[in-house]
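This is the structure alone, sequence omitted:
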């Protein structure tokens, strides 16, 4: 027997991982930051110093992670959780 409510719960959970709202490793919601790539200018450096982003380096690749959890250091791609 399969329940549609379980499917809706899983869709919501995957959407939160995809949107960077929850860490898929430790389930933390407060320590998630976007990873930004490219040569950092002043604005990017200021965001990094405020802890709003993680610097991902200058090499942009489709396999690069999109989010970083400052609590457990886990990094993930949002495409891994496309619904």
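Perfect, I can see it now. Worth saying up front: this structure is predicted, and the values here are computed from it rather than measured.

and the residue nearest to residue 74 when sequence neighbours are not counted, how many residues sit next to it?
The shortest distance from residue 74 to any non-neighbouring residue, by CB to CB, 6 or more residues apart in numbering, is to residue 25 (3.7 Å). Any C-beta I mention is one placed from the backbone N, CA and C, and that applies to glycine too. Neighbour count of residue 25, defined by other CB atoms under 10 Å: 14.

Mind listing the residues bridging to the spatially most central residue of the chain?
With distances taken as CA atoms, centre = their mean, the residue of the chain nearest its centroid is residue 67 (2.5 Å). Beta-bridge pairing for residue 67 (DSSP bridges): residue 34, residue 76.

who are the neighbours in contact with it?
Neighbouring residues of residue 67 by CB atoms under 8 Å, 6 or more residues apart in numbering: 20, 23, 32, 33, 34, 35, 75, 76, 78.

Among the residues you listed, which one has the most neighbours?
Highest count within the contacts of residue 67 by other CB under 10 Å belongs to residue 23, 24 neighbours.

A strand includes that one, no?
No: counting by DSSP: H, G, I helix; E, B strand; the rest coil, residue 23 is not part of a strand but coil.

what number of residues lie near the closest residue to it other than its chain neighbours?
Of all residues not flanking residue 23 in the chain, residue 69 sits nearest, at 3.9 Å (CB to CB, 6+ apart). Number of residues near residue 69 (other CB under 10 Å) recorded here: 23.
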